[in-house]
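*Asks:* Need the 3D shape of this:
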Amino acid sequence: MLCLSGLSVALALSLVPGPVEALKDGECEVCISFLGKFYQSLKDNNVKFNAADIENAIVKSCKEAKGKDNRFCYYIGATSDAATKIINEVSKPLSYHAPVEKICEKLKKKDSQICELKYDKQLDLTTVDLKKLKVKDLKKILEEWGESCKGCAEKSDFIRKITELMPKFAPAAASARTDL
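*Replies:* Down below sits the predicted model:
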């Protein structure tokens, strides 16, 4: 009888879910950042906190998202070309003001790729030597600014274009640079 009771206790304990593993520092960087900004924009715009309105607002905000934010939107199904749709896993918890960290923890369980997204490191344009960067990195700078370099064939063309546009997109860096 005692053995049977011990067995049933062991079985019951094995069925109880374990503690949810908290996110480590730097994990789910894009998820936490995007949802944090999104949640703040909902509060600023006095949007009703119900799942349907939040879902519509996510889709609208994802249309304007670029880079890693757009990739995050794709993973949760908020873009038109997304294969899966777990957007309700975001809108429902946000409707009752759940912390974005907890939402990202739950999303991680559904799709681990969401927490693998990380923002690219930002270059310090005040100190970086453009001549030492790869063409790929120079193109990335122009892409972040929403610009392109039509007709650029060589590295020097990209550097010239960046130095031309720097006062417009990075005025602090342009004034601090001495090699122009």
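
*Asks:* quick one, domains of the chain?
*Replies:* 29-116, 130-176 (the TED database).

*Asks:* show me the contacts for residue 41.
*Replies:* Residues near residue 41 by C-beta atoms under 8 Å, 6 or more residues apart in numbering: 57, 61. Where you see a C-beta, it was placed from the backbone N, CA and C, and this is true even at glycine.

*Asks:* now the helix or strand hosting it: how far from the chain's centre is it?
*Replies:* Residue 41 is part of helix 29-44 when elements are defined by DSSP states H and E. Helix 29-44 sits 10 Å away from the centroid of its parent chain (C-alpha atoms, centre = their mean, to the nearest Å).

*Asks:* Beyond that helix, next helix or strand please.
*Replies:* Next element after helix 29-44 (DSSP H and E): helix 51-63.

*Asks:* got the buried residues for that next one?
*Replies:* By 16 or more other C-beta atoms under 10 Å, the buried positions in helix 51-63 come out as 51, 54-55, 57-59, 61-62.

*Asks:* Restricting to C-alpha, output it in PDB.
*Replies:* Extracted in PDB, the C-alpha atoms of helix 51-63 (Å, rounded to 0.1, in the frame of the first residue of the first chain):
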ATOM      1  CA  ALA A  51      -7.200  41.400 -28.500                       C
ATOM      2  CA  ALA A  52      -8.800  42.400 -31.800                       C
ATOM      3  CA  ASP A  53      -7.700  46.100 -31.700                       C
ATOM      4  CA  ILE A  54      -4.200  45.100 -30.600                       C
ATOM      5  CA  GLU A  55      -3.900  42.500 -33.400                       C
ATOM      6  CA  ASN A  56      -4.900  45.100 -36.000                       C
ATOM      7  CA  ALA A  57      -2.300  47.600 -34.500                       C
ATOM      8  CA  ILE A  58       0.400  44.900 -34.600                       C
ATOM      9  CA  VAL A  59      -0.300  44.200 -38.300                       C
ATOM     10  CA  LYS A  60      -0.300  48.000 -39.100                       C
ATOM     11  CA  SER A  61       3.000  48.600 -37.200                       C
ATOM     12  CA  CYS A  62       4.600  45.500 -38.800                       C
ATOM     13  CA  LYS A  63       3.900  47.000 -42.300                       C
END
